[in-house]
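Q: Next comes the sequence, and after it the predicted model I'd like to discuss.
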Amino acid sequence: MIRKRIVIHAGLPKTGTSALQELLFSSMELLRKNGILYPDTVDSRNVPYHRFFIRELRDNGAMPQFRAIVKTAEKNDIHTIVISIEGITAHIDSIRANVSKVLQDICTHWDIQIVSVLRAPEPWLLSMYKQCIINQPVKRNASLLETQYATNLTHREFSKREDVRSICDRNVITKRLVEIFPKAELVFLEYGENIISAFIELIAATNIVSANKAAFINMSLPAAYLEIIRRMNGVSNLTASKKIVKEVISKIVDHNNVQISNYDGATSKTILERILALYLAVRLTLISYEANPPIMTDSKVFGQTKNRVREGLLAFSTG
């Protein structure tokens, strides 16, 4: 007899979660034909994770959507339900204390596995820090990490926060997950290039979907662009924003070859669009400097990238 189980993918964020969720969502019909249910109760096609599960763990005593999913699975030939929402680890301190009783009632005939993907603290903190810089603030029911969105902290300041560091601490995660899911089996996977394959194997779907189809979606932005956004997060008026932009740009562009003083004509309505245009214009230059410095010794490449910078600055000041 096939074991009936509910696999809850609880995090961490920044451990290949977007790629995994996209693969599971795009393979939803194929998985279901083979007895594995990845519920279509997602926020949108572009964010195919189960945010409703967090809301019900935190706010809704009866957990109606999760209950309905389990009932649907019990009426059909489903042996595995997969719920994926990495925010569980980030919201872990706001989950209701009595939720374990509700879960036990719903999952009477099911085993529960809680899967948490761990990553070395320092790389995880750096990746999460970059995400926090560019994300927009969350106004309601923010998790501990979401309270850091649109941060203007430096990387060092962010990494020293004990509350943030606790999110990727295995001992802290274990303690809280045991409190919330006392009868569940905890499974820890290590983040790496084979993490998608490891999860697919865990849910016994190796012969159903190919992990090779998963694409790591979130790409890191250049450091200079992140620095512009970080420092703009810390100011509220346009004049200060322009000053910060000019200061950062001056550090990555040669004063003698590019005029940067004319950008002050930018209006408040278009300043962010101009910054984005500037970012696109200087991206190749940044890559050349940071990823492969020797390329800048090629005078032709150097001239081309400098022209792109000049064009971007012109668009930034007059577009």
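A: Ah, there it is.
Q: CA atoms for contacts and neighbours, from now on please.
A: Noted.
Q: Can you give me the domain assignment for the chain?
A: Listed domain ranges for the chain are 5-213, 223-318 (source: automatic domain parsing).
Q: Save the ones you listed as JSON lines, and put in mean pLDDT and mean neighbour count too.
A: Converted to JSON lines, these look like this (pLDDT from 0 to 100; neighbours: other C-alpha atoms under 10 Å):
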{"stretch": "domain 5-213", "mean pLDDT": "91", "mean neighbour count": "17"}
{"stretch": "domain 223-318", "mean pLDDT": "50", "mean neighbour count": "16"}
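Q: now the strands for this protein?
A: Under the criterion DSSP state E, the chain contains strands at 5-11, 36-37, 80-84, 111-118, 185-190.
Q: For S197, find the nearest of those.
A: The minimum distance between S197 and the strands of the chain falls on strand 185-190, with 10.9 Å, by C-alpha to C-alpha.
Q: Which neighbouring elements make contact with that closest one?
A: strand 111-118 (3 or more C-alpha pairs under 8 Å, 6 or more residues apart in numbering; DSSP states H and E).
Q: Sheet partners, orientation included, of the strand it packs on?
A: Paired strands of strand 111-118, with direction, are strand 5-11 (parallel), strand 185-190 (parallel) (DSSP bridges).
Q: Would you check that K4 makes contact with T80?
A: Yes. With contact defined as C-alpha atoms under 8 Å, K4 counts as touching T80 (5.8 Å).
Q: out of the strands paired with strand 111-118, nearest to D163?
A: In terms of C-alpha to C-alpha, the element of these nearest to D163 is strand 5-11, at 16.4 Å.
Q: what about dumping the CA coordinates of stretch 128-136 to PDB?
A: Extracted in PDB, the C-alpha atoms of stretch 128-136 (Å, rounded to 0.1, in the frame of the first residue of the first chain):
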ATOM      1  CA  MET A 128      18.700  37.600   1.300                       C
ATOM      2  CA  TYR A 129      20.100  41.100   1.900                       C
ATOM      3  CA  LYS A 130      20.200  41.800  -1.900                       C
ATOM      4  CA  GLN A 131      16.500  40.700  -2.100                       C
ATOM      5  CA  CYS A 132      15.600  42.900   0.800                       C
ATOM      6  CA  ILE A 133      17.100  46.000  -0.900                       C
ATOM      7  CA  ILE A 134      15.100  45.700  -4.100                       C
ATOM      8  CA  ASN A 135      11.700  44.400  -2.700                       C
ATOM      9  CA  GLN A 136       8.900  46.800  -1.900                       C
END
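Q: got the contact list for the closest residue to N233 other than its chain neighbours?
A: Of all residues beyond its chain neighbours, the one nearest N233 is N152 (5.3 Å), with distances taken as C-alpha to C-alpha, 6 or more residues apart in numbering. By C-alpha atoms under 8 Å, 6 or more residues apart in numbering, the contact list for N152 reads I133, R230, R231, M232, N233, G234.
Q: Roughly how far does the third one sit from D59?
A: Using C-alpha to C-alpha, to the nearest Å, R231 is found at 35 Å from D59.
Q: repeat for the last one
A: Using C-alpha to C-alpha, G234 is found at 32 Å from D59.
Q: And the fourth one, by the same measure?
A: If you measure M232 against D59 using C-alpha to C-alpha, the figure is 34 Å.
Q: sorry, back to before: so can I have JSON lines of the strands of the chain showing distance to A205?
A: Output for the strands of the chain, formatted as JSON lines (distance: least, C-alpha to C-alpha, whole Å):
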{"stretch": "strand 5-11", "distance to A205": "13"}
{"stretch": "strand 36-37", "distance to A205": "8"}
{"stretch": "strand 80-84", "distance to A205": "10"}
{"stretch": "strand 111-118", "distance to A205": "16"}
{"stretch": "strand 185-190", "distance to A205": "16"}
